[in-house]
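In: Coordinates for the following, if possible.
(chains A and B)
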2 protein chains.
Amino acid sequence: MMNMRKKIGISLVRTEVYDLLKEEILRGEIKFGQRLNIRKLSKEFGISPTPVRDALLALAAIGLVRCVPRVGFFVTELNENYINETTESQIMVETFCLEKYFDEIKNSPDILKIYDEAKEVVNTKSRKLFDDSDQNLHMLIVRSSSNKTIIDFYEKLWDKMDLVRHLNKRYLDSNKEHLLIIESILRNEKKNAVESLLKHIENVKNETLKNLESSKVTE
Amino acid sequence: MMNMRKKIGISLVRTEVYDLLKEEILRGEIKFGQRLNIRKLSKEFGISPTPVRDALLALAAIGLVRCVPRVGFFVTELNENYINETTESQIMVETFCLEKYFDEIKNSPDILKIYDEAKEVVNTKSRKLFDDSDQNLHMLIVRSSSNKTIIDFYEKLWDKMDLVRHLNKRYLDSNKEHLLIIESILRNEKKNAVESLLKHIENVKNETLKNLESSKVTE
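Out: This is a model prediction of the structure:
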């Protein structure tokens, strides 16, 4: 998510269009590979073409949209490579931050809050609660670095992963894995925590790849 | 560097403005903290404001320029935090790639070419040759991942590091450290190679911080 406050004026329109288009792609209202026409979109939104272009360039910068020079913008095709690349990037960032900022994460008041959330998901089986707690845990690990360059990269990566997140139907298993990671952190077992994190991300990737395959078969 | 070919039409103007502004900032013609006025720049370049805005947004995306909503664009101030953040990001990406893609790097024909370049720098003491060889070595490590998401992030980071590269005056020492890294790779000593790489990046950071400090004193 872009961190923009309300009443930002010129930047807000761009962010709103960005969020709207992202949501439409996520909900399947705009299909993978479909062309995105600036003039048509700006008419539909009732705004000038500039913020639409800006939003498309921002979506292209994170890889959700492809910009073909002289032709136009297209929604990126979801494929195995997309999932492998985003997962590998996630592993790179999260394992680096968890190893280096382990103490900051362990001593953060947020880790206990997230631990409670994860236990609550076991009781309520709420997907919504899991999705929030999922984001809170992974973001806590990365934000503990306080490195804006790394955090920006990861936030864009998170947006990119949103596209495949619905393919992960094993959220209760994911939640169990979160509990393992959190408990290792709280017990001050860095090596276990990093290994559990790595295993968790790999498991999500394998499930996502499997469901991508079966979603292709049924199309 | 953005990978754009000539004859790209609309995208080319944006890329040219991006490169031009970056060069002007690098050469100190545009000072840190200075305001960048879209209308004024588009008049000076003799082009429409849109590609200027696009270029400024692209420079903002990599952190060279700050976008203050409702106020305008400003060249980022160089400070210790800037150097610490870019260095840490570089360490994260390069150590990950060197560890994971060690065999690909070791068996790449480019590593021998870069080895020759580094030996040539010892003989000629050419800064220009060092700069090329520097980029070739660090890029080889990261491109060996074939992960477009990681490579894109690193290329933007490289652009960002361009701003402080002139503060590293110890290029002959850097070159010696490159030789150590390359020789460890060629001898198949992964652990040594990663340690040498880490030490090298830390050394460059310390020199850069030291020269940033003295450049402040003399201002």
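In: who in chain A is up against chain B?
Out: A:8-11, A:50, A:53-54, A:57, A:61, A:63, A:67, A:69-70, A:84-86, A:88-89, A:92-93, A:96, A:145, A:147-150, A:152-153, A:157, A:160 (CB under 8 Å from any CB of the partner chain). Backbone N, C-alpha and C define where each C-beta goes, glycine included.
In: just checking, which of these belong to helices?
Out: Judged by DSSP state H, these include A:10-11, A:50, A:53-54, A:57, A:61, A:84-86, A:88-89, A:92-93, A:96, A:148-150, A:152-153, A:157, A:160 as members of helices.
In: just the buried members of those?
Out: Applying 16 or more other CB atoms under 10 Å in any protein chain shown to these, the neighbour count classes A:11, A:50, A:53-54, A:57, A:61, A:84-86, A:88-89, A:92-93, A:96, A:149-150, A:152-153, A:157, A:160 as buried.
In: residues in contact with A:L64?
Out: A:22, A:25, A:75-76, A:159-160, A:163 (CB atoms under 8 Å, 6 or more residues apart in numbering or on different chains).
In: The same query, at a cut-off of 10 Å, please.
Out: Contact partners of A:L64, counting by CB atoms under 10 Å, 6 or more residues apart in numbering or on different chains, are A:18, A:21-22, A:25-26, A:56, A:58, A:75-76, A:82, A:156, A:159-160, A:162-163.
In: Spatially, which two of those are the most separated?
Out: Taking CB to CB, the two most distant members of these are A:Y18 and A:Y82; they sit 19.3 Å apart.
In: what's the closest residue to A:M92 other than its chain neighbours in contact with, if anything?
Out: Nearest non-adjacent residue to A:M92, counting by CB to CB, 6 or more residues apart in numbering or on different chains: B:F96, 4.5 Å away. With contact set as CB under 10 Å, 6+ apart, B:F96 has these partners: A:88-89, A:91-93, A:95-96, B:141-142, B:145, B:147, B:150, B:194.
In: and stretch A:22-35, how far apart are its ends?
Out: Stretch A:22-35 stretches 14 Å from its first residue to its last (CA to CA, to the nearest Å).
In: Enumerate the positions of that stretch that are buried.
Out: By 16+ other CB under 10 Å, the buried positions in stretch A:22-35 come out as A:22, A:25-26, A:30.
In: The residues you listed in helices, which ones?
Out: Those of those lying in helices (DSSP H): A:22, A:25-26.
In: Least confident secondary structure element in chain A?
Out: Least confident helix or strand of chain A, by mean pLDDT, DSSP states H and E, is helix A:10-26 with a mean of 81.
In: where's that helix relative to the chain centroid, distance-wise?
Out: Averaging C-alpha positions (CA atoms, centre = their mean, to the nearest Å) puts helix A:10-26 16 Å from its chain's average.
In: What is the distance between the following helix or strand past it and the centre of its chain?
Out: Per DSSP states H and E, helix A:10-26 leads on to strand A:35-36 as the next helix or strand towards the C-terminus. Taking the mean of its C-alpha atoms, strand A:35-36 sits 22 Å from the chain's own mean (CA atoms, centre = their mean).
In: Equivalent analysis for stretch A:112-124, please.
Out: Computed by CA atoms, centre = their mean, the chain-centroid distance of stretch A:112-124 equals 20 Å.
In: Skip the chain neighbours and tell me the closest residue to A:I150.
Out: Nearest residue to A:I150 in three dimensions, chain neighbours excluded: B:S89, at 5.6 Å (CB to CB, 6+ apart).
In: contacting residues for that neighbour?
Out: Neighbour list for B:S89: A:93, A:96, A:145, A:147-150, A:152-153, B:153-154, B:156-157, B:160-161 [criterion: CB under 10 Å, 6+ apart].
In: Just the mean pLDDT for the helix or strand encompassing A:H178, thanks.
Out: Per DSSP H and E, A:H178 falls inside helix A:171-186. Across helix A:171-186, the average pLDDT comes to 97.
In: Which residue ranges make up the domains of chain A?
Out: Using automatic domain parsing, the domain ranges for chain A come out as A:2-75, A:80-215.
In: gap between the longest one and the chain center?
Out: Domain A:80-215 has its average C-alpha position 10 Å from the chain's average C-alpha position, going by CA atoms, centre = their mean.
In: A:L172 against A:V122, yeah?
Out: Yes: A:L172 lies in contact with A:V122 (CB atoms under 10 Å); the separation is 7.9 Å.
In: how far away is the residue most central in space within chain A from A:V164?
Out: In chain A, the residue lying closest to the centroid (CA atoms, centre = their mean) is A:W158, at 2.2 Å. A:W158 sits 12 Å away from A:V164, going by CB to CB, to the nearest Å.
In: so what sits against both of these two?
Out: With CB under 10 Å, 6+ apart, A:W158 and A:V164 have common neighbours A:T86.
In: need the contact list for the nearest residue to A:F45 once chain neighbours are set aside.
Out: Spatial nearest neighbour of A:F45, excluding adjacent residues (CB to CB, 6+ apart): A:V17 at 6.3 Å. Counting by CB under 10 Å, 6+ apart, A:V17 makes contact with A:41-42, A:45, A:47, A:51-56, A:58-59.
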